[in-house]
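>>> A predicted structure for the sequence below; I have some questions about it.
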Amino acid sequence: MRPALILVVAFISVLGLGEAQTCTDCFVSSRAAYYPNSDEQGTETGACGFGTFGATINGGDVSAASDLYRDGMGCGACYQVRCTNSAYCSDKGVNVVITDHGSSDRTDFILSRRAFGRMAQTKDAAASLLALGIIDIQYRRVSCSYPGKNITVKIDENSNYPYYLAFVIWYQQGKQDITAVQLCETQNFACKLLDRSYGAVWTTTSPPSGPLSIRMLFSDDDGDETWVVPVNNIPESWKAGETYDTGVQVNV
Ligand SMILES: *[C@@H]1O[C@H](CO)[C@@H](O)[C@H](O)[C@H]1NC(C)=O
């Protein structure tokens with residue numbers, strides 16, 4: 001080989017290697033099952049603790065994750081999941097939101113029945129997929145999208161004003177993780193770091209008083225972190241079961 005050609009070949013292999021290591025948009029091969037008894041909707045139960053949000057989110061295209069659940073950090077993350085049998089499966093597959101924790105026989109996902117069927121090209125193909133039960137799939141993380149929605153704080157029904165505050169964050173777009181949440185007094189800016197008690201549920205005993213501002217730490221694939229501070233406060237007399245629009249949204 002001529003030296004220039006050797007150089008080009010070497011350069012291409014370096015590029016190839018680099019891509020394999022940082023390939024965040026590539027599909028990963030795995031397996032998926034579905035909840036046999038799930039109806040066409042999502043579910044209000046589910047380990048993430050999303051409540052009523054989990055029942056209607058993404059039109060019912062939801063899933064339980066096994067390792068991708070990541071102790072609750074994976075709650076609300078969106079994945080494109082497509083099956084690989086070219087006789088039945090569409091290229092696009094389906095986009096699902098993680099709302100639960102679980103695994104079946106070497107699966108990464110247990111989809112709602114609706115989402116599982118939506119990986120098929122046709123209705124007949126969907127019936128064939130459902131009959132298989134567990135199938136080979138490929139998946140990748142994608143951005144979540146909630147058109148017309150801001151990030152919203154849902155105060156958990158188990159909260160007990162003013163002693164115990166628990167909430168879930170709804171409608172987070174993009175593909176970052178929320179790795180920490182602080183609750184701050186708006187008068188003197190004293191902040192308190194909250195616990196992720198389970199799933200997507202953030203809690204604190206003896207929350208600060210007065211109108212409250214939450215700060216959310218967003219973390220991307222590269223580990224870059226950004227604090228996002230809402231425009232709107234949680235009102236002083238917050239109520240269990242209420243939702244409060246933060247007035248902010250993220251797109252990455
Ligand atoms: C989202 O927040 C913006 C800015 O605070 C506000 O103007 C808008 O009305 C909110 N959107 C919704 C759907 O509530």
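Cool, the structure landed. This is a predicted model, so every value here is computed, not measured.

>>> Show the contacting residues for the most centrally placed residue in the chain.
In the chain, the centroid-proximal residue (Cα atoms, centre = their mean) is residue 77; its distance is 1.4 Å. Shown in contact with residue 77 (Cβ atoms under 8 Å, 6 or more residues apart in numbering): 65, 68, 97-98, 141, 144, 175, 177. Yep, even glycine has a C-beta here, placed from its N, CA and C like the rest.

>>> now swap in residue 230 and tell me
151, 213-214, 216, 246-248.

>>> quick one: the helices in this structure?
3-21, 52-56, 113-117, 123-132 (DSSP state H).

>>> and the gap between the one residue in the stretch 151-252 of the chain that gets nearest to the ligand and residue 167?
Among the residues of the stretch 151-252 of the chain, residue 247 lies closest to the ligand, at 3.0 Å counting by Cβ to the nearest ligand atom. Distance, residue 247 to residue 167, using Cβ to Cβ, to the nearest Å: 16 Å.

>>> quick one: which of these two has more around it?
When residue 247 is set against residue 167 and neighbours are counted by other Cβ atoms under 10 Å, the residue ahead is residue 167, at 27 against 12.

>>> what's the distance between the more buried one and residue 25?
Applying Cβ to Cβ, the value for residue 167 to residue 25 is 32 Å.

>>> Tell me the residues of the stretch 1-150 of the chain that contact the ligand?
Residues of the stretch 1-150 of the chain lying near the ligand by Cβ under 6 Å from any ligand atom: 148-150.

>>> Next, the contact list for the nearest residue to residue 236 once chain neighbours are set aside, please.
Nearest residue to residue 236, sequence neighbours excluded (Cβ to Cβ, 6 or more residues apart in numbering): residue 211, at 5.0 Å. By Cβ under 8 Å, 6+ apart, the contact set of residue 211 is 186, 233-236.

>>> Just the buried residues of those residues.
Buried by 16 or more other Cβ atoms under 10 Å: 233-234, out of the contacts of residue 211.

>>> What is the lowest-pLDDT residue among the contacts of residue 211?
By pLDDT, residue 186 ranks lowest within the contacts of residue 211, coming in at 87.

>>> Report how many residues lie close to the residue of the stretch 1-150 of the chain found nearest the ligand.
Of all residues in the stretch 1-150 of the chain, residue 150 sits closest to the ligand, at 3.7 Å by Cβ to the nearest ligand atom. Neighbourhood size, residue 150 [other Cβ under 10 Å]: 18.

>>> Next up, the contacts around it.
Residues near residue 150 by Cβ under 8 Å, 6+ apart: 171, 245-249.

>>> what are the ranges of the strands in the stretch 1-150 of the chain?
In the stretch 1-150 of the chain, the segments counted as strands under DSSP state E, counting those that start in this stretch are 28-34, 62-65, 78-83, 94-101, 109-111, 135-142.

>>> Counting by contacts, list what the fourth one packs against.
In terms of contacts (3 or more Cβ pairs under 8 Å, 6 or more residues apart in numbering; DSSP states H and E), strand 94-101 is packed against strand 62-65, strand 78-83, strand 109-111.

>>> So what touches it?
Residues outside strand 94-101 that contact it (Cβ under 8 Å, 6+ apart) are 42-43, 45-48, 50, 54, 57-58, 61-66, 68-69, 74-82, 109-112, 115, 118-119, 142, 144, 199.

>>> For residue 193, which non-adjacent residue is spatially closest?
Once flanking residues are discounted, residue 193 sits nearest to residue 182: 5.5 Å by Cβ to Cβ, 6+ apart.

>>> What's opposite the one you found in the beta bridge?
residue 193, residue 215 (DSSP bridges).

>>> So it is in contact with residue 190, correct?
No: Residue 182 is beyond contact range of residue 190, at 10.0 Å (criterion: Cβ atoms under 8 Å).

>>> Just the buried subset of the contacts of strand 94-101, please.
The neighbour-count criterion (16+ other Cβ under 10 Å) marks 42-43, 46-48, 50, 54, 57-58, 61-66, 68-69, 74-82, 109-112, 115, 118-119, 142, 144, 199 among the contacts of strand 94-101 as buried.
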